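Visitor: sequence unavailable; structure follows:
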């Protein structure tokens, strides 16, 4: 059997393993009566009862925006500035006077805290080490041991490339779903992708679009077929997730909190970009491994971009010099989208706001993951 | 005799080295390139390199990418060489990445320099060389590196710009600043989204977009079938006051439009 056929076979076999659907489904929701979009299993997600930590978390509709015009020095994000911006954000978000107390509202020393960074655009535009370092420092100050901190993304290779290494982060676990061995290979001795061991085939996002990949592509998709399996990092390894996206565009929309989580947590995403970008960004976040574990979103906007995203095109990279923080990923994304859109208009990339760019926000609000309506968001702004 | 030949040889070498110098490559030595990392991505494996950003490249028919981390004379560069099906597609993906080039079209037929990147479309290749702007020689080196890799991997040739569009360009207009080429919904909507509602469910159309200077963009759109062309024409003419464009001319499954 050729390797390509082998993986086609595997992906078809995987369809037999099911996320346990719970019965009650909100059939009356307009989400299920819409257009000609491919069918999904979103009903399975919303049928699972919500828990205390479920999105939008402790502060629905509240977003803190902190700006420090000196946060990037000679093109490099300043660790000191990032620390202060994060501190100001946390205190303002929670209303606490003690930074430790502010953090302990979200995490405890018993938690295994996953930091979802975004290294996909490479060294030029990754979640900065200044911001990730500030989060780790404040977690430690709040009593979270380093051994309980996990830096993760979908691709372990890209974490390494962007400097998320054991040398730089001793004592912290750094892991991804897709991974290579020391020789750069993707397959074990049995011819199976290493990544297969890292996905949870009991929990998946189904969409009626078939992913078919050649041998070159399958290591980056893990499986084909109609299921996108969640990584075990979110289903098993971590108990809380702190989301660290970058302030950047994705075409006329943005790739901030929800996109970073959704496309970073499941396999077989190649089939989802074109037809189901908005749906995937919202729906995948509605599944319990994300909905019930993501407690905080910290958008690294010290350096970001306004076009060319989600890749890093140097012409469009800019210093926003800001950080956006909130427990509500939808509200944070709404504010972030407004900021990026305003910048795109100012730079002449687009002429006006295009409401359809934020369709994922409407879907997410419908799913009660947060508040996407700008008029209902409390935005707290602070300049350092 | 020997002396005469020797002088001839020296003269020839001087002549050719002079030509080489005119191209700005006099000091370029490929042996000074040290490759620190090399990766290849073919077809949809581009997802492994840039994930969601791949869709735009795939819409243009992306073939393969050579992604290199190199140093040249000790200066670090990131080089990406994208091989596309045709010079038009190479220009198309290039045109999606150019913005405020200073200068533009100064060294290649199509090139764009910005603070930390040199880009070019040459034949069926789109090449990007990213450098650290703090390094004084980096910008000049970037051009030499681009030249080296386009020579190494390129097919040659220039994009065939349709007469209807070329005829509207002024002498001296830099193509890299004024012209775009789109082959589907992602690329076209990135440049001008006004036509998108009329193009839903249509595939295979190609559009040349001449960016307007104070006026609307001019778009030449060509359809693969007379059915798509008719449906588009019907949709456009029945748009009433919301009509996004004025028809300048049409025929042979193509239409020249001035956008509002």
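Guide: Nice, thanks for sending it over. Since this is a predicted model, take the numbers as computed values, not measurements.

Visitor: where does pLDDT dip in chain B?
Guide: Scanning chain B for pLDDT under 70 picks out the ranges B:1-26, B:214.

Visitor: apply 50 and report the result again.
Guide: Of all residues in chain B, those with pLDDT under 50 make up the ranges B:1, B:9-25.

Visitor: and it, which of its residues are near chain A?
Guide: For chain B, the contact set with chain A under C-beta under 8 Å from any C-beta of the partner chain comprises B:41-45, B:47-48, B:50-55, B:78, B:97-100, B:114-117, B:130, B:133-134, B:186, B:189-190, B:193. To be clear about C-beta, it is placed using only N, CA and C from the backbone, and glycine gets the same treatment.

Visitor: what's the neighbour count on residue A:380?
Guide: Look at residue A:380: counted by other C-beta atoms under 10 Å in any protein chain shown, it has 15 neighbours.

Visitor: er, residue A:210 actually
Guide: The tally of other residues near residue A:210 (other C-beta under 10 Å) stands at 13.

Visitor: wait, it touches residue A:271, no?
Guide: Yes: the pair residue A:210 / residue A:271 is scored as a contact, 6.6 Å apart, by C-beta atoms under 8 Å.

Visitor: residues of chain A that sit close to chain B?
Guide: Within chain A, the residues that sit near chain B (C-beta under 8 Å from any C-beta) are A:74-75, A:120-122, A:124, A:155, A:178, A:213-214, A:216-217, A:219-221, A:250-252, A:255, A:259, A:263, A:269-270, A:273-274, A:277, A:307-311, A:313-316, A:349-350, A:354.

Visitor: could you rerun that using 6 Å?
Guide: Residues of chain A lying close to chain B (C-beta under 6 Å from any C-beta of the partner chain) are A:120, A:216-217, A:220, A:270, A:273-274, A:310-311, A:313-315.

Visitor: now those residues as CSV including pLDDT?
Guide: Shown next, in CSV, are the residues of chain A next to chain B (pLDDT from 0 to 100):
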residue, pLDDT
A:120, 89
A:216, 88
A:217, 91
A:220, 92
A:270, 91
A:273, 85
A:274, 80
A:310, 85
A:311, 85
A:313, 86
A:314, 88
A:315, 88
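
Visitor: now, those that are in helices?
Guide: Among those, the residues falling in helices (DSSP state H) are A:220, A:273-274.

Visitor: any idea how many residues pack against residue B:229?
Guide: Taking other C-beta under 10 Å as the criterion, the count of residues near residue B:229 is 21.

Visitor: how far away is it from chain A?
Guide: 23 Å (C-beta to the nearest C-beta, to the nearest Å).

Visitor: can you name the helix or strand that that residue falls in?
Guide: helix B:226-237 (DSSP states H and E).

Visitor: show me what the next helix or strand after that helix is packed up against.
Guide: Where DSSP H and E defines the elements, the next helix or strand beyond helix B:226-237 is strand B:245-251. With contacts taken as 3 or more C-beta pairs under 6 Å, 6 or more residues apart in numbering or on different chains; DSSP states H and E, strand B:245-251 sits against strand B:254-259.

Visitor: helices or strands next to the strand it packs on in the packing?
Guide: When contacts are defined as 3+ C-beta pairs under 6 Å, 6+ apart, strand B:254-259 sits against strand B:218-222, strand B:245-251.

Visitor: in a markdown table: the ones you listed, plus mean neighbour count.
Guide: Listed next are these as a markdown table, based on neighbours: other C-beta atoms under 10 Å in any protein chain shown:
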| stretch | mean neighbour count |
| --- | --- |
| strand B:218-222 | 22 |
| strand B:245-251 | 13 |
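
Visitor: residue B:135 against residue B:75, yeah?
Guide: Yes: contact criterion C-beta atoms under 6 Å: residue B:135 and residue B:75 qualify, at 5.1 Å.

Visitor: which residues touch the residue lying closest to residue B:174 once chain neighbours are set aside?
Guide: Closest residue in space to residue B:174, ignoring its immediate chain neighbours: residue B:104 at 4.1 Å, by C-beta to C-beta, 6 or more residues apart in numbering or on different chains. Counting by C-beta atoms under 6 Å, 6 or more residues apart in numbering or on different chains, residue B:104 touches B:112, B:174, B:176-177.

Visitor: going through these, which ones are buried?
Guide: Neighbour counting with 16 or more other C-beta atoms under 10 Å in any protein chain shown marks B:112, B:174, B:176-177 as buried within the contacts of residue B:104.

Visitor: keep only those of the residues you listed that are in helices.
Guide: Assigned to helices by DSSP H, the following of the buried ones among the contacts of residue B:104 qualify: B:176-177.

Visitor: closest to chain A among the buried ones among the contacts of residue B:104?
Guide: Proximity of the buried ones among the contacts of residue B:104 to chain A (C-beta to the nearest C-beta) peaks at residue B:112, which lies at 8.1 Å.

Visitor: hey, what's the closest one bridged with?
Guide: Taking DSSP bridges as the rule, residue B:112 bridges to residue B:104, residue B:119.

Visitor: is it in contact with residue B:174, as I believe?
Guide: No: the criterion here is C-beta under 6 Å, and residue B:112 misses it with residue B:174 at 8.9 Å.

Visitor: many thanks, we can stop here.
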